[in-house]
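Colleague: pasting a predicted model and its sequence here:
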Amino acid sequence: MQTGPKNLITDVAGLRVGNAQDDSIKTGATVLIGDAPFICGVSVMGGAPGTRETDLLAPDKTVQQVDALTLSGGSAFGLDAPSGVADTLRTQGRGFPVGDQTVPIVPGAILFDLLNGGDKNWTENPYKALGAMALADASADFELGSIGAGTGGTLATHKGGLGSASMVLPSGHTVGALVAVNALGDASPDGEHFWAAPWEVDNEFGGNGLLPSAPSELPKTKLSTHNTTIAIVATDADLTQAQCTRMATAAHDGMARALVPSHTPMDGDLIFGVSTSAKPLADEIADALWLGHAAATCLARAIARGVWHATPREGDTLPCFRP
């Protein structure tokens, strides 16, 4: 398996990621933006999603491209993060033209991080500002772990975090994943080995190998409603909105490989699928199959990397995977 040069979603040329966080609140926002608008679909498999403008991403809807995507903490409050992004893009003249107006299209998804030890007693919703700050930070290089939308993420036994990974297929297409990990379940059954270990590349999350034996007990969970893992998978392959949606659906396999359990009634697990349309498909059936496989593989690795890179902050309610 060959990763891209950065092993980040930004190995898909033309994409950038920005992050902003408030460590006192223990929350943040992450923005994915392209050099140009991109095709986008979405697949939701959790029972408790929180979203903005995802209905617009159905293949039969009028708008086929979006200007940016936002992942955010804050539960419903975090749905204001795309507003900060949209305001900035409007001043830049980016958006969907409607008469003499320009309307930036910025779908978003949120996770619940309101019970993680941070100070939530704000008097003004902070997420619009965090969205604008994340957009301003957009770059091809970015950190992983306790940053952006992953700042306040938690699992059953450890802190979550922001993760990313990439893969280059034999066809020459690049696939990348970006994820904010905040699951009801866990990324590790024993605090040493990751569920995602079979897909690890070059010891990217510790190289501890496979679980020595099958677990004999039910997996650990929060057994609560404060969860949700939200992600983006992207490629330079030229895909339709329907094909992006199918790639996002396939990527949920990666979430299930890396987080146990996943897609529960108390998770809002959601994945956006993105195409920059830079490289045509040589074989529509075969290429689409391997793009879905790559998206799932990248997402499993990205989840483990996000947890692996988490770092401690004052007031944390859970330890990091690496003490």
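Modeller: Ah, there it is.

Colleague: residue boundaries of the helices in the chain?
Modeller: Per DSSP state H, the chain carries helices over the ranges 81-91, 127-136, 241-258, 284-308.

Colleague: next, format those helices as TSV and append distance to Glu53, mean neighbour count and mean pLDDT.
Modeller: The C-beta positions use only the backbone N, C-alpha and C, and glycine is treated the same way. Compiled in TSV, the helices of the chain are given as follows (distance: least, C-beta to C-beta, whole Å; neighbours: other C-beta atoms under 10 Å; pLDDT from 0 to 100):
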stretch	distance to Glu53	mean neighbour count	mean pLDDT
helix 81-91	7	22	97
helix 127-136	13	25	98
helix 241-258	14	24	97
helix 284-308	22	25	96
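
Colleague: including distance to His173, could those helices go into a markdown table?
Modeller: Converted to a markdown table, the helices of the chain look like this (distance: least, C-beta to C-beta, whole Å):
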| stretch | distance to His173 |
| --- | --- |
| helix 81-91 | 27 |
| helix 127-136 | 27 |
| helix 241-258 | 11 |
| helix 284-308 | 7 |
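
Colleague: among those, which is nearest Lys6?
Modeller: Between Lys6 and the helices of the chain, the shortest separation by C-beta to C-beta is 12.2 Å, and it involves helix 284-308.

Colleague: got the angle for the closest one vs helix 241-258?
Modeller: Helix 284-308 and helix 241-258 meet at an angle of 40 degrees, taking axes from the mean of the first three to the mean of the last three C-alpha atoms, to 10 degrees as the criterion.

Colleague: start to end distance for stretch 188-200?
Modeller: Using C-alpha to C-alpha, to the nearest Å, the end-to-end distance of stretch 188-200 comes to 14 Å.

Colleague: residues in contact with that stretch?
Modeller: 1, 157-158, 186-187, 205-212, 215, 219-220, 254, 257-260, 297, 300-301, 303-304, 307-308, 321 (C-beta atoms under 8 Å, 6 or more residues apart in numbering).

Colleague: the strands in the stretch 51-200 of the chain, which residues?
Modeller: 51-52, 65-72, 96-98, 101-103, 108-110, 161-168, 174-181 (DSSP state E, counting those that start in this stretch).

Colleague: helices or strands up against the second one?
Modeller: Secondary-structure packing of strand 65-72 (3 or more C-beta pairs under 8 Å, 6 or more residues apart in numbering; DSSP states H and E): strand 27-44, helix 81-91, strand 108-110, helix 127-136, strand 230-237.

Colleague: nearest to Asn116 among those would be which one?
Modeller: strand 27-44 (8.0 Å).

Colleague: just the buried positions in that closest one, please.
Modeller: Residues 27-34, 37-44 are the ones in strand 27-44 that count as buried (16 or more other C-beta atoms under 10 Å).

Colleague: would you list the helices and strands packed on strand 65-72 in a markdown table and tack on distance to Ala177?
Modeller: What follows is the helices and strands packed on strand 65-72, written out as a markdown table (distance: least, C-beta to C-beta, whole Å):
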| stretch | distance to Ala177 |
| --- | --- |
| strand 27-44 | 11 |
| helix 81-91 | 20 |
| strand 108-110 | 14 |
| helix 127-136 | 18 |
| strand 230-237 | 5 |
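
Colleague: quick one, which of these is nearest to Ser275?
Modeller: Distance to Ser275, taken as C-beta to C-beta, is lowest for strand 27-44 among the helices and strands packed on strand 65-72, at 4.3 Å.
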